[in-house]
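**Student:** here is my input, please return the structure:
(one chain, ligands or ions: 1)
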Amino acid sequence: MLYPEINKARSIIDLGGEWNFRLSDENHDNGEADRAFIKAGTTMAVPASYNDLKEDPEYRSHCGWAYYHRVFTIPGIFATERIVLRFDAVTHYAKVYLNGTLIAEHKGGFLPFEIDITDKIRCGEEAELIVAVDNRINHSTLPMGNEEGTAFFGSDNADVPSVAAAKKWRKPVNLPNFDFFNYAGINRPVRIYTTPRSYIRDITITTDIRGSDGIVNYDTSCIGDGDVSVTIIDSEGKTVAGGKGASGKLTINNAKLWWPYPGDPYLYKAEVRFCDDLYILEFGIRTVEVRGIEFLINNKPFYFKGFGKHEDSAIHGRGFDFVLDMKDISMIHWMGANSFRTSHYPYAEEMYQLCDREGIVIIDETPAVGIGGTSEDIYSVGRFRSHHEDVIRDLIDRDKNHPSVVMWSMGNEPDVVSFPDSAYEYWHTLYSYTKALDPAKRPVTFVCNQNNYERDRITREMDVVCINRYYGWYNLSGDLKAAEYALNMELDFWEKLQKPVILTEYGADTLPGFHLSSPEMFSEEFQVLYYDTLNKEFDKRAFMIGEHPWNFADFNTIQGPMRADGNRKGLLTRDRRPKMAAHYFRKRWHDIPDFGYKK
Ligand code: GCB
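**Tutor:** Got it, this is the predicted structure:
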């Protein structure tokens, strides 16, 4: 799916700003009375998560439908154009009504969807838009919610009579089977964009390297009758290659490659023309390959230094925040990191564009987090399977052209040990499905939890073994000597496999400003010692090709006895100030080269 752009053939109308808003569990979708009901609600910012924008606690704890309403007019000058309404992300389920008619429904809160409204709207006349948003999560949604009455990090002690009896006072709440706040609403931009009536629907670019030449394979999908032409322009504006036809192979002599920063993340532009339409796509020339225990970018062994992140900040929640993205990239550079995982869902497209330009490597993750946490064989029941496939298809469709994206993560910490056969079948089928869909055939993985690695048959079969481990925190809490022993015992197991392994999560909750002379849990000194103890062990192992501390920054979660003002494992505070451990990693990572670290 192409990102909306403004050029001489296309334009954009931004529908961000103030909308009417109302929380309600009744059905208010299209009638006159419904519109009046929603308008009589309150004001709401778009894009944003609605949860932290009003002081009534209902906004934070709401479980069910929320309604957005606004009117707009498309200028008459666009009457000859094709007109598309695009939502970058509505979390988690959306119903869209235009002038009282349901025009779209969309499941999944982290990927875009769009509706061609050319024949549904009159340019120059007022139109009325209602978006109904459902934030409920369960075994059919991704991320997954619990349906069995236990909240993440909480227990209802059902066998205690008084606690069991008190349940009747509880109102319905969302019970995430994941550790981040279930921020909801129109989280990313809403735009109308125009194209000519005959238009470029999609462009796919894959690249290769032959000696000093860059190979650019392009494939276009266009609607209408006409010829396609493609021109490749370098960063100085010079034409370096060109071709005609819907697909083709172009050669750029002495090509400049895309390298992670501090290398040059060089980008070319492909100008694609079809009838009166034009689309300009930026792309980089680079290769990615797993060979033996190495992860090669442009044929050189790369070492992942970076984080698991979240889209999360005060007030905005998970609402799109370009200023925050800019700051995060700056802090990634400041710490000498080169990569992150989009834990635990696809991020806003603008972040990937920034990473292309700033040379940051991305492991691109689906929202498949929290699969498990139930006694039923969740894979055989399979209420989420087709949605998971849709999400992978749409993720690849959206992100396939980004040079920054080097690997797909099908999900985070699914239960693969309790249900061995059904889990095996599920993840293997999905692995082949993902591989087949990606035109660039990037490596595919999923990220496994602290499980019984001897029983887990699936993680070991991924292209890269990605493990989340909390030795010294959730296990062997506070005892770093024992943690070091246990980690080494497990690493001995992985070493035999001769596959590349990334520690995709390890971390310790830390309260900024809490200092101790003798490091114990939650102190800044403990966080540094924890990382230093474990890092020294990875440094001894050639197959360990990356370290992603959890988390880049503190982030918000559901309330519960294990979380004081959210998850505090950040190297940075929620407002992006460095804890001592950020300074520790800054020193470490500036000394570790991006390429050839493990000789
Ligand atoms: C994990 C999860 C992550 C949590 C983290 C923690 O394994 O993948 O979502 O936030 O542990 O801090 O508990």
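**Student:** for the ligand, what are the nearby residues on this structure?
**Tutor:** Contact residues (C-beta under 6 Å from any ligand atom) of the chain with the ligand: 179, 344, 412, 413, 449, 468, 505, 550, 567, 569. For the C-beta atoms, the positions are set from N, CA and C on the backbone; glycine is no exception.
**Student:** buried residues, stretch 74-86. List them.
**Tutor:** 74, 78, 81, 82, 83, 84, 85, 86 (16 or more other C-beta atoms under 10 Å).
**Student:** try stretch 433-453
**Tutor:** 434, 437-438, 440, 442-451, 453.
**Student:** farthest pair within the residues you listed?
**Tutor:** Farthest apart among those by C-beta to C-beta are 440 and 450. That separation is 31.6 Å.
**Student:** where do the helices sit along the stretch 351-500 of the chain?
**Tutor:** With DSSP state H, counting those that start in this stretch as the criterion, the stretch 351-500 of the chain has helices at 378-381, 385-399, 420-437, 480-497.
**Student:** pretty sure residue 243 is touching residue 230, no?
**Tutor:** Yes. Residue 243 lies in contact with residue 230 (C-beta atoms under 8 Å); the separation is 5.3 Å.
**Student:** which intervals of the protein have sub-threshold pLDDT?
**Tutor:** In the predicted model of the chain, residues 28-31, 148-156 satisfy pLDDT under 70.
**Student:** ok, so of the buried residues of stretch 433-453, who is nearest residue 528?
**Tutor:** Checking those against residue 528 with C-beta to C-beta, the nearest one is residue 450 at 21.9 Å.
**Student:** which ones are touching the closest one?
**Tutor:** 468, 469, 470, 474, 475 (C-beta atoms under 8 Å, 6 or more residues apart in numbering).
**Student:** one more: residue 69?
**Tutor:** 19, 20, 21, 35, 38, 39, 128, 129, 130, 131.
**Student:** how about 6 Å then?
**Tutor:** Taking C-beta atoms under 6 Å, 6 or more residues apart in numbering as the criterion, residue 69 is in contact with 20, 38, 130.
**Student:** for it, phi and psi?
**Tutor:** Dihedral angles of residue 69 (phi, psi; degrees, to the nearest 10) stand at phi -140, psi 140.
**Student:** assign residue 306 to helix, strand or coil.
**Tutor:** strand (DSSP: H, G, I helix; E, B strand; the rest coil).
**Student:** for stretch 208-222, the distance to its chain's centre please.
**Tutor:** Per C-alpha atoms, centre = their mean, to the nearest Å, the displacement of stretch 208-222 from the mean C-alpha position of its chain is 27 Å.
**Student:** list the buried residues for that stretch?
**Tutor:** Going by neighbour count (16+ other C-beta under 10 Å), the buried part of stretch 208-222 is 214, 215, 216, 218, 220, 222.
**Student:** roughly how far apart are the nearest residue to the third one once chain neighbours are set aside and the ligand?
**Tutor:** Spatial nearest neighbour of residue 216, excluding adjacent residues (C-beta to C-beta, 6 or more residues apart in numbering): residue 250 at 4.5 Å. Distance, residue 250 to the ligand, using C-beta to the nearest ligand atom, to the nearest Å: 41 Å.
**Student:** in this structure residue 250 contacts residue 214, no?
**Tutor:** No. Using C-beta atoms under 6 Å, residue 250 is not in contact with residue 214, being 8.7 Å away.
**Student:** what are the ranges of the helices in the stretch 101-250 of the chain?
**Tutor:** 161-166.
**Student:** how about the strands of it, start to end?
**Tutor:** 101-107, 113-116, 126-134, 185-186, 190-195, 199-210, 213-223, 228-233, 239-244, 247-252 (DSSP state E, counting those that start in this stretch).
**Student:** kindly compare burial across the ones you listed and name the winner.
**Tutor:** Using mean count of other C-beta atoms under 10 Å, the stretch among these with the largest mean neighbour count is strand 185-186, at a mean of 30.
**Student:** perfect, I'm done here.
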